[in-house]
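**Q** Fold the following and give me the result.
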Amino acid sequence: MKKKISWNNIKPETQSVWGGEIEAFPHGATQTPTVNSVAYGYDNLDEWMQVAKGEKDGHIYGRNTNPTVNVLEEKIRILLERFSELKEKHAQILQELQMAKEKIEQLEAELKRQEEEKTFTFQKIEGLIEKINQVESL
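**A** Next comes the predicted model:
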């Protein structure tokens, strides 16, 4: 089986281009070669059976699996995994934003209450000053 590479610390842009490509390509190719073979041969039936059961790397019939499709499937798996992580982070951020919004609303309500209380207090003081002025004018 092929060695699994951790793509977690690799940028999504790089993952979308190189994800799934974990081996050197044959014949000096710099990109995943397109494999046109339909049938694959093995030395004996036991080896073929191991490949068929997934116990050994390889391919049986090109319409089912082939090296090009393997790279594409791995690339899709990596991108879907990354998408799931980003979706989770997005949900967390939305939750945090909602909590922040609720806190701001609470603070705004408290400020409004304090402002109303202050206005009421000033009105009381103005009323008292007016009464004092009336008493002094007597």
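**Q** Low-confidence ranges, this structure, go.
**A** Across the chain, the ranges flagged by pLDDT under 70 are 1-5, 27.
**Q** Centroid-nearest residue for it?
**A** residue 86 (0.5 Å; C-alpha atoms, centre = their mean).
**Q** mind checking which helix or strand it is in?
**A** Following DSSP states H and E, one finds residue 86 within helix 67-136.
**Q** which helices and strands does that helix pack with?
**A** Applying 3 or more C-beta pairs under 8 Å, 6 or more residues apart in numbering; DSSP states H and E, we find helix 67-136 packed against helix 12-18. For glycine as for every other residue, the C-beta is placed from the backbone atoms N, C-alpha and C.
**Q** Output the contacting helices and strands for the helix it packs on.
**A** Using 3+ C-beta pairs under 8 Å, 6+ apart: helix 12-18 touches helix 67-136.
**Q** Contacts only, for residue 37.
**A** Applying C-beta atoms under 8 Å, 6 or more residues apart in numbering, we find residue 37 in contact with 62, 66.
**Q** where's it relative to residue 117, distance?
**A** Going from residue 37 to residue 117 by C-beta to C-beta, to the nearest Å gives 82 Å.
**Q** related to what we said a few turns ago, in contact with the residue nearest to the centre of the chain, which residues?
**A** With C-beta under 8 Å, 6+ apart, residue 86 has no contacts at all.
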